[in-house]
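Engineer: all I have is the shape, not the residue letters:
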């Protein structure tokens, strides 16, 4: 692992992204075949998250990859209140309990870990690697789009085309926002918490109509991009800023 990292950080990040996407798609399929949603996935996400955390701490990359306290004036970020709004997305259409208690717990566990994993590999590994090869603006754009496109794999797990396309759109916007927060505040903690909340609460989401999905997509996209631009404006005088 260290050999690949030292040789090429970009390929290192892509390796983790591909491994994550393929592994968890298979894990979800196996879990369903065993009759319990997220049974294998939950165990795998715990192992995956611990492995990432171990490697980061062992190599003293805690600060490099944002597993540290937020740096900056929280007031300039509106005290992260827009993140609370974004986190509540999956409850906008109402609350339902569609899985058994055990499956719900497994789902929440896996989604909490996924929030950590995806932030580390997309915002940490990929964005940081791109910053060393490209301009900061290009690195932000590429990492955001890559994060959004990565959600197209949900089609392989039985998701509907329209809802997946909607998710792809707002995931790009949220990815942009999270990257800006990480770039400006040097911490992934707000992103990890928000990402984990969005994912975990999805287990309680009611099945939505296409019209409702489109409305949510528009709101999430507008709020995410608007909030990101506001952060850029409020922190434009930060020393060392390249944007």
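Structural biologist: Noted; the coordinates are in hand. Everything numeric here is computed off the predicted structure, so don't read it as measured data.
Engineer: next, the buried residues of whatever helix or strand residue 4 lives in.
Structural biologist: Secondary structure from DSSP states H and E places residue 4 in helix 2-7. Counting neighbours by 16 or more other Cβ atoms under 10 Å, one finds that the buried residues in helix 2-7 are residue 5. Backbone N, C-alpha and C define where each C-beta goes, glycine included.
Engineer: all further residue positions should be reported with the first residue as 143.
Structural biologist: Yep, numbering from 143; the last one is helix 144-149 now.
Engineer: now that helix: average pLDDT?
Structural biologist: With pLDDT averaged residue by residue, helix 144-149 scores 91.
Engineer: show residues contacting it.
Structural biologist: Residues outside helix 144-149 that contact it (Cβ atoms under 8 Å, 6 or more residues apart in numbering) are 153-154, 157, 201.
Engineer: check stretch 362-371 too.
Structural biologist: 220, 224, 227-228, 231, 311-312, 315-316, 318-319, 322-323.
Engineer: which of the residues you listed sits closest to residue 331?
Structural biologist: When these are compared for distance to residue 331, the smallest value, 9.6 Å, is given by residue 323; criterion: Cβ to Cβ.
Engineer: contact partners for that closest one?
Structural biologist: Residue 323 makes contacts with 219, 329, 332-333, 370, 373, as judged by Cβ under 8 Å, 6+ apart.
Engineer: now do the same end-to-end measure for stretch 267-281.
Structural biologist: Between the opening and closing residues of stretch 267-281 lies a distance of 12 Å (Cα to Cα, to the nearest Å).
Engineer: and the next element down the chain from the helix or strand residue 339 falls within?
Structural biologist: Residue 339 belongs to helix 331-343 when assigned by DSSP H and E. Elements were assigned by DSSP H and E; along the chain past helix 331-343, the next helix or strand is helix 352-376.
Engineer: between that next one and helix 331-343, how big is the angle?
Structural biologist: Using axes from the mean of the first three to the mean of the last three Cα atoms, to 10 degrees, one finds that helix 352-376 and helix 331-343 are set 170 degrees apart in direction.
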